[in-house]
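Enquirer: Have a look at this prediction, sequence included:
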Amino acid sequence: MRWLVFPVIAVAVYAQGEVHPEWNVLYGHAGFENADRMLSNYLRKAAAVSGPDREKAVAALQSPAEVERHRKEAREKLRRALGEFPARTPLRPVITGTLERGDYAVEKVIFESRPRYFVTANAYVPRRGRPPFPAVICPVGHWGDGKAFEDYQRLGIYLARRGFLVLVYDVPGQGERLQYYNPVVGRSLLDPGGSTFFVTIEHGVAGAQSLLTSRTFAAHLVWDGVRAIDYLLERGDVDRERIACTGTSGGGLQAEVLSAVDERIRVSIPVCYGGCAPDTPTARGLGIADIDMLIAPRPLLMIEATGDPRAGVLAKQQRHQAVANAYKALGAEASTRFLIAEGPHGYGENMRQAAYAWLSRWWRSETPGPEALAEPPTAIEPEAALHCTITGQVRTSLGGETVFTLNRAEGKVTPQPVSREGLKRMVGERLGLDFPKAPLESKVLARADRGSYVLEKVVYFSEPEIFVPGLLLLPKAGGAKPALVFVPEEGNSGAVTEKYLRPLAEAGNVVLSIDPRGMGETAPAAASPSSTQRNYRGFAQNAEVSLFYEALRAGTTLIGSRTVDVRRAIDYLETRPEVDRRRIAAAGHGMGGLLVLYAAALDERIRAAAVTSALISYAAILESDLYTHRFSAFVPGVLRDFDLPEVASLVAPRSLLLLNPVDQIHRPVDVEEAAAVYRAATGSHFRIATAASPDEMVRAYKKQLLEPLR
């Protein structure tokens, strides 16, 4: 239920004839002109500990002992980033058909990387030469047709004709493994049409949901690759000592990560490597350079394309130079190489030739000549011919598990009981909180008499580079008054002021309405909330999502850092003589409501709190495969330790009001149902109610929050 978005156009005249927006705080004031880039710039600097700084550390290694110490640290960080892998279970492989093509054959393979979690793959098997064959596993990049993508077909055929058994498998979200496939429309529900790269949207939606559990989406991808190797080793025609891994684009990133995790991969060839954020293991102090270094001293060929952005190719070349230094320190300088190939993003003919030459160098002690490298014209198969399932989709042919159902099972782990202080500490750690100790710096940028109240436009600095704009409404009557911190989800506006702030100020309360970092006035220019609701592409890939993952790389969370801004609002109010610091409450809408809940749980200076139109629980996100809450509301691994009702328990015995709670797709939750969810964790120190209009909400705030403080 949303009441905060109304078209309001207004201006106000301040001193010396200057005209400023009525409700916008920062416009027209020096030092705040880059407000929409404030948070991204801040996070980019903070995230250097997982990027450029890590490359420098790798480049500085000089001895085998230093490399091994660094590898040990990186390996542990990668393990924590991925989480614990499940137990190995029977693969139950089935070959559902074979295409005989003369000098090679294509087998249609299905195996279970977890019980009833089906992986579809094509095995390109040499028909010349004698087994056991060297083998290559190929995770597919972000192409919707998965293993049937032309470049992967040509790669499988090319290497099979030269004596390699090649296993090309579908990653979840592509090919026959669409996670959100709908048989009525015949495509993924997340596919907006017009591009085969909808796969990244599937990964985005499934990936954020996975973060709430004990595993990440990257871990799901890696485990499929590990089990693909297990499958190869169960075959009687594979040389278990000669396993390689290669892939392009997102498959190139998987080649890097898999090779770092599983040392049964003896040669690694990432091509045009890089993937979307959910595919990438993310932890503070873990960079891709660390992951690449874990491959050393095994042979590593890294291939880029002139068709990729020049800046990105240069950055990867520089990263490889750092990694090559580790190889040099290990005495294996000749075991790695960086190559830029002419051609588009993909796995082109010259890249296939380079990959074959690299494999031959290590396993055949020869350098193939031009004739051996040449690739004659070859027909590829239509996508349907390569299907392993009857319908072309696992969901309609076999059913079984999806990433969503695995997440739902993972999320049902009951957290161990802890003390109140232990829970509070756990919440702070999960949020990645680092509450500033420095005195608060603040400014009043403008002041105007609004008749029934005085309006000040204020800004305070939560941290040296993070400023928070706010509208401060002051009653005209003298004396210290109760105060309310208000956090609207969509930012301050005339509608917010008229519908919520003014009535509360006219009732004799000081009201401070803030835009926490990256919200409202400091939101990225391309992150308009209304635009993100139109389709899942905007939902899963907008600027807010970028901030979310950048925060994880920096070792914090977006919701945690914004919670700091709410707590710093209390610091600011305590500096104002108009405020009775013993009588401060907080209220928030939507995302703002969650920020208020976390702030009140951790800061007892908030004497009462109201959470309006906010998510009822993180467990609700795991009740269906689709959801509409922004990723920035999520806390990685949260359901291993607690949920929102447990956070609410930390507010007790102070007053907590839950108004209009919503489920995973923003549907209103029945009051009795919501009460049952919270009662088990919080006892009776809360109230759940509905309000059908802004007026009713304001009345509830007055009665439940502010009047008891008088």
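Expert: Received the coordinates, thanks.
Enquirer: Got the domain ranges for this structure?
Expert: Domain ranges of the chain: 83-281+348-410, 420-525+556-709, per automatic domain parsing.
Enquirer: Output those as JSON lines; include the columns distance to residue 547 and mean neighbour count.
Expert: Quick note: C-beta positions are derived from backbone N, CA and C, even for glycine. Below are these laid out as JSON lines (distance: least, C-beta to C-beta, whole Å; neighbours: other C-beta atoms under 10 Å):
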{"stretch": "domain 83-281+348-410", "distance to residue 547": "11", "mean neighbour count": "20"}
{"stretch": "domain 420-525+556-709", "distance to residue 547": "5", "mean neighbour count": "20"}
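Enquirer: Residue 31 is nearest to which of those domains?
Expert: domain 420-525+556-709 (8.3 Å; C-beta to C-beta).
Enquirer: which stretches of the stretch 501-650 of the chain have low pLDDT?
Expert: 526-535 (pLDDT under 70).
Enquirer: now do 50
Expert: Along the stretch 501-650 of the chain, segments meeting pLDDT under 50 span 528-533.
Enquirer: what about the strands in it?
Expert: Using DSSP state E, counting those that start in this stretch, the strands of the stretch 501-650 of the chain run over residues 510-514, 579-589, 606-612.
Enquirer: Just send those strands back as CSV, with distance to residue 428 too.
Expert: Listed next are the strands of the stretch 501-650 of the chain as CSV, based on distance: least, C-beta to C-beta, whole Å:
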stretch, distance to residue 428
strand 510-514, 21
strand 579-589, 18
strand 606-612, 15
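Enquirer: Which of the helices or strands spans the spatially closest residue to residue 123 that is not a sequence neighbour?
Expert: In space, and not counting its chain neighbours, residue 123 is closest to residue 107: 4.2 Å by C-beta to C-beta, 6 or more residues apart in numbering. Assessed by DSSP states H and E, residue 107 sits inside strand 104-114.
Enquirer: roughly how far apart are residue 224 and residue 247?
Expert: Using C-beta to C-beta, to the nearest Å, one obtains 12 Å as the distance from residue 224 to residue 247.
Enquirer: which residues do the two both contact?
Expert: Residues touching both residue 224 and residue 247 by C-beta atoms under 8 Å, 6 or more residues apart in numbering: residue 139.
Enquirer: looking at it, residue 97 is touching residue 108, isn't it?
Expert: Yes: assessed by C-beta atoms under 8 Å, residue 97 is found in contact with residue 108 at 4.5 Å.
Enquirer: one step back: state the mean pLDDT of the strand holding residue 107.
Expert: Computed over strand 104-114, the mean pLDDT rounds to 98.
Enquirer: could you dump that strand to CSV, C-alpha only?
Expert: Extracted C-alpha coordinates of strand 104-114, given in CSV (Å, rounded to 0.1, in the frame of the first residue of the first chain):
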residue,chain,number,x,y,z
TYR,A,104,32.2,-37.5,-33.4
ALA,A,105,28.9,-38.1,-31.7
VAL,A,106,26.7,-35.9,-29.5
GLU,A,107,25.2,-37.6,-26.4
LYS,A,108,22.3,-36.1,-24.6
VAL,A,109,23.0,-36.4,-20.9
ILE,A,110,21.0,-35.7,-17.8
PHE,A,111,22.5,-36.0,-14.3
GLU,A,112,21.4,-34.9,-10.8
SER,A,113,23.9,-32.6,-9.1
ARG,A,114,21.6,-32.8,-6.1
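Enquirer: The next helix or strand after it - contacts with which helices or strands?
Expert: Remark: after strand 104-114, the chain's next helix or strand is strand 117-126, criterion DSSP H and E. If contacts are counted by 3 or more C-beta pairs under 8 Å, 6 or more residues apart in numbering; DSSP states H and E, strand 117-126 sits against strand 104-114, helix 150-160, strand 165-169, helix 217-234.
Enquirer: Chain neighbours aside, what residue packs nearest to residue 550?
Expert: residue 43 (4.1 Å).
Enquirer: repeat for residue 665
Expert: In space, residue 665 is closest to residue 628, 4.9 Å off (C-beta to C-beta, 6+ apart).
Enquirer: Tell me how far the one you found lies from residue 179.
Expert: 17 Å.
Enquirer: Check what contacts stretch 396-410 and list those residues.
Expert: 110, 112, 114-118, 172, 179, 181, 183, 206, 209-210, 212-215, 217, 220, 389-391, 394-395, 622-625, 639.
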